[in-house]
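A.B. asks: Okay, here's the prediction I keep looking at, along with the sequence it came from:
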Amino acid sequence: MSFLDIQVDEKRYGERVVLQNLRLELARGDIVSLVGPSGCGKSTLLSIVAGLDRQARAAVRLDGKPLARAGVGDGIGFVFQEPRLFPWLDVTRNVAFGGAAPAAAPEATIQSTTPALTSATARDTAATVEALLDEVGLSGYAGHLPRQLSGGQAQRVAIARGLFTRPRVLLMDEPFSAVDAITRIKLQDLLARVARERGLTVLLVTHDIDEAVHLSDRIVLLDRQAGPPRAQLPVTLARPRARGDAAAARLKAEILAMLDLEAA
Amino acid sequence: MNTRTLETPATGARHRRRGGLPLALLRRFVFPFALPLALPVLLLGGAELAVRGGVLPANLMPPPSEVARTLGWLAENGLGAHLAASTLRVAIGFLAGAGAAVLLGTLVALDRRAAAVFDPTLQALRAIPSLAWVPLLLLWFGIDELPKLVLIAIGAFFPVYTGVVSGFGGVDRKLVEVAQLYRLPPLALVRRVLLPAALPAILTGLRTGLSLAWMFMVAAELIAATRGLGYLLSDGRETSRADIVLAAIVLLAVLGKLSDMGTVALERRLLAWRDDFAGSDFKGSKAGAQP
């Protein structure tokens, strides 16, 4: 039985049917990329799984249990295209947004608007955050405010926030599309490492075929026309994957050909 | 990246201290005020010379030195009571008006039905120049304290109301979505996301409301009062004492500036997280470009 089982009967925006009869099954630890033209409903699908979209006729099951009102409490983590950090909270409080308020980081350079908490849970939270920041390569940044971070750093904080609630499934909506090319490669490697170490199941929306090929166990191609996926391509390249691998290039060409066919 | 040292405000201060103590004192206490003070000093000196040289009539435009003497005389003859009366009126009127505005504005911003009930009426009332209420307030409440306080409250109400409504209305939907993802209950959503995000606009509204409160205090006291800076203004006019009028104006400027500085200090404290041009003075340096 699949670990994450997504069945969308229908999702419309007004008259327009965006998703229809779409079934997606992910095994535990799978990294699956959703690729398709703009407006094909990729992001909407993530919203449905995350419980942000309540209007869709859909059923999501995680480990056999239905997620009636999904969300982070049900072992789902979400990383958006933009970092979406709260500008008035320091990095620690942003990461721990879904939990108890942590103690102020000792290296805070600017007074945060929320008073410091020193309870035991707060100290636990601060320790958890510190470990997470270490994991995403941002140790020492706990007391920084979002405006003091570069785009890539902010997205690392967003990933740490997505991991804070110890999710089993991480949903990512084009998480690396807004950063520069070199930062993107670093963040992709970060995701691959974190997902492997934590045994995360990842559903990733992307426009970047290279990214999909590099990260995924399976690539799901969606059509602009609502319906079942156009194709589901398993990616059997060995990990860790080298960039610019010949087999990867062949797979990319295959995917691009399928997308071109549709554009014509 | 772990060993990277970041420039903090403290290291910046060390750099600034180079150049010895006298220069440091000059930088700290003289330079910041030299430019802002240049124009007033020039104008006051010019006025003094113009009056003493007979270019301006001294009965209409008393020289600044005489205004200063009048201020000294007033200080010994009941100025405290005038200042206290005006300040108290502003404080009470502003608190009442701004308090009502925060409550109503929050209700309208967060509840669609409340918005449908209140907002159209309030927008219509907002279109009325607030001074138009004066005759009605005098008819209803006489010439005691109440009409003055109500007028000041009306003046303070609308900028605060507008600030609160537009502040909450302008909160980034994407941040609200994050809060929904974490299933924040309504009250936590307001406290942890909506209020901090709306705070800049709310504080701007409060600041405007406070300056309007001072304005309407003067209007109210000009019409009918036996004490206060507005009373000094009209008393000075009636007795042809331009020096008293000018002294009252100077005091209004000082009080208005002081209260504005208070709200600005509050803004800086509460909004230190903002990444804007005005905040660039007290922001720590950006961390390295390491992604």
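C.D. replies: Yes, it's here.

A.B. asks: what about the residue nearest the centre of chain A, distance to residue B:58?
C.D. replies: With distances taken as C-alpha atoms, centre = their mean, the residue of chain A nearest its centroid is residue A:172 (2.0 Å). From residue A:172 over to residue B:58 the distance is 78 Å, taken as C-beta to C-beta, to the nearest Å. Using the backbone N, CA and C atoms, a C-beta is placed for each residue, glycine as well.

A.B. asks: low-scoring stretches of the stretch 101-250 of chain A, by residue?
C.D. replies: Flagging of the stretch 101-250 of chain A using pLDDT under 70 yields the residue ranges A:101-120.

A.B. asks: before we move on, back to that, now the residue nearest to the centre of chain A. Its backbone dihedrals?
C.D. replies: Main-chain torsions, residue A:172, degrees, to the nearest 10: phi -130, psi 120.

A.B. asks: Next up, the contacts around it.
C.D. replies: When contacts are counted by C-beta atoms under 8 Å, 6 or more residues apart in numbering or on different chains, residue A:172 touches A:46, A:78, A:79, A:162, A:191, A:202, A:203, A:204, A:205.

A.B. asks: Can you give me the buried ones in stretch B:76-88?
C.D. replies: B:79, B:82, B:83, B:85, B:86, B:87 (16 or more other C-beta atoms under 10 Å in any protein chain shown).

A.B. asks: so can I have TSV of those showing distance to residue B:232 and secondary structure?
C.D. replies: Shown next, in TSV, are the buried residues of stretch B:76-88 (distance: C-beta to C-beta, whole Å; DSSP: H, G, I helix; E, B strand; the rest coil):
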residue	distance to residue B:232	secondary structure
B:79	8	helix
B:82	6	helix
B:83	10	helix
B:85	10	helix
B:86	9	helix
B:87	13	helix
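
A.B. asks: and residue A:25, what helix or strand is that in?
C.D. replies: Assessed by DSSP states H and E, residue A:25 sits inside strand A:16-26.

A.B. asks: Sheet-wise, list the partners of that strand with their directions.
C.D. replies: strand A:4-13 (antiparallel) (DSSP bridges).

A.B. asks: quick one: secondary structure of the residue in chain A that chain B sits nearest to?
C.D. replies: Nearest residue of chain A to chain B (C-beta to the nearest C-beta) works out as residue A:152 at 2.7 Å. Following DSSP: H, G, I helix; E, B strand; the rest coil, the label given to residue A:152 is helix.

A.B. asks: Tell me if I'm right that it and residue A:178 touch.
C.D. replies: No: the pair residue A:152 / residue A:178 is not scored as a contact, 9.6 Å apart, by C-beta atoms under 8 Å.

A.B. asks: Neighbour count: these two, which is higher?
C.D. replies: residue A:152 (24 against 16; other C-beta atoms under 10 Å in any protein chain shown).

A.B. asks: from the buried residues of stretch B:76-88, which single one is nearest residue B:94?
C.D. replies: residue B:87 (10.4 Å; C-beta to C-beta).

A.B. asks: Look up how far residue A:133 lies from the residue of chain A closest to chain B.
C.D. replies: 14 Å.

A.B. asks: Also residue B:271?
C.D. replies: From residue B:271 to residue A:133 the distance is 25 Å (C-beta to C-beta).

A.B. asks: Could you do residue B:71 as well?
C.D. replies: For residue B:71, the distance to residue A:133 equals 59 Å [C-beta to C-beta].

A.B. asks: What of residue B:35?
C.D. replies: Relative to residue A:133, and taking C-beta to C-beta, residue B:35 is found at 44 Å.

A.B. asks: Equivalent analysis for residue A:172, please.
C.D. replies: 19 Å.

A.B. asks: Next: residue A:237.
C.D. replies: Residue A:237 sits 31 Å away from residue A:133, going by C-beta to C-beta.

A.B. asks: Those two: who's more crowded?
C.D. replies: Legend: neighbour count by other C-beta under 10 Å for residue A:237 and residue A:133, higher for residue A:133 (21 against 16).

A.B. asks: residues touching the more buried one, list them.
C.D. replies: Here residue A:133 is in contact with A:91, A:95, A:139, A:140, A:141, A:142, A:157, A:160 (C-beta under 8 Å, 6+ apart).

A.B. asks: Show me how to select, in ChimeraX, the buried members of the residues you listed.
C.D. replies: With 16+ other C-beta under 10 Å as the criterion, this ChimeraX line picks the buried residues out of the contacts of residue A:133:
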select /A:91,95,140,141,142,157,160
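
A.B. asks: Closest one of the contacts of residue A:133 to residue B:223?
C.D. replies: Comparing those against residue B:223 with C-beta to C-beta places residue A:91 closest, at 55.4 Å.

A.B. asks: Enumerate every residue touching the closest one.
C.D. replies: Shown in contact with residue A:91 (C-beta under 8 Å, 6+ apart): A:105, A:129, A:133, A:138, A:141, A:142, A:143, A:144, A:145, A:146, A:149, A:157.

A.B. asks: Please, which helix or strand holds residue A:259?
C.D. replies: Per DSSP H and E: helix A:246-263 holds residue A:259.

A.B. asks: what helices or strands is that helix leaning on?
C.D. replies: With contacts taken as 3 or more C-beta pairs under 8 Å, 6 or more residues apart in numbering or on different chains; DSSP states H and E, helix A:246-263 sits against helix A:209-215, strand A:218-221, strand A:231-234.

A.B. asks: a markdown table please, covering the ones you listed and showing mean neighbour count and distance to residue B:216.
C.D. replies: Conversion of those to a markdown table gives the following (neighbours: other C-beta atoms under 10 Å in any protein chain shown; distance: least, C-beta to C-beta, whole Å):
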| stretch | mean neighbour count | distance to residue B:216 |
| --- | --- | --- |
| helix A:209-215 | 23 | 61 |
| strand A:218-221 | 22 | 64 |
| strand A:231-234 | 14 | 69 |
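
A.B. asks: export the ones you listed to JSON lines and tack on distance to chain B?
C.D. replies: Output for the helices and strands packed on helix A:246-263, formatted as JSON lines (distance: least, C-beta to the nearest C-beta, whole Å):
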{"stretch": "helix A:209-215", "distance to chain B": "16"}
{"stretch": "strand A:218-221", "distance to chain B": "23"}
{"stretch": "strand A:231-234", "distance to chain B": "27"}
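
A.B. asks: can you put the ones you listed in JSON lines and add distance to residue B:190?
C.D. replies: Formatted as JSON lines, the helices and strands packed on helix A:246-263 follow (distance: least, C-beta to C-beta, whole Å):
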{"stretch": "helix A:209-215", "distance to residue B:190": "38"}
{"stretch": "strand A:218-221", "distance to residue B:190": "39"}
{"stretch": "strand A:231-234", "distance to residue B:190": "43"}
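
A.B. asks: Cool, thanks, talk later.
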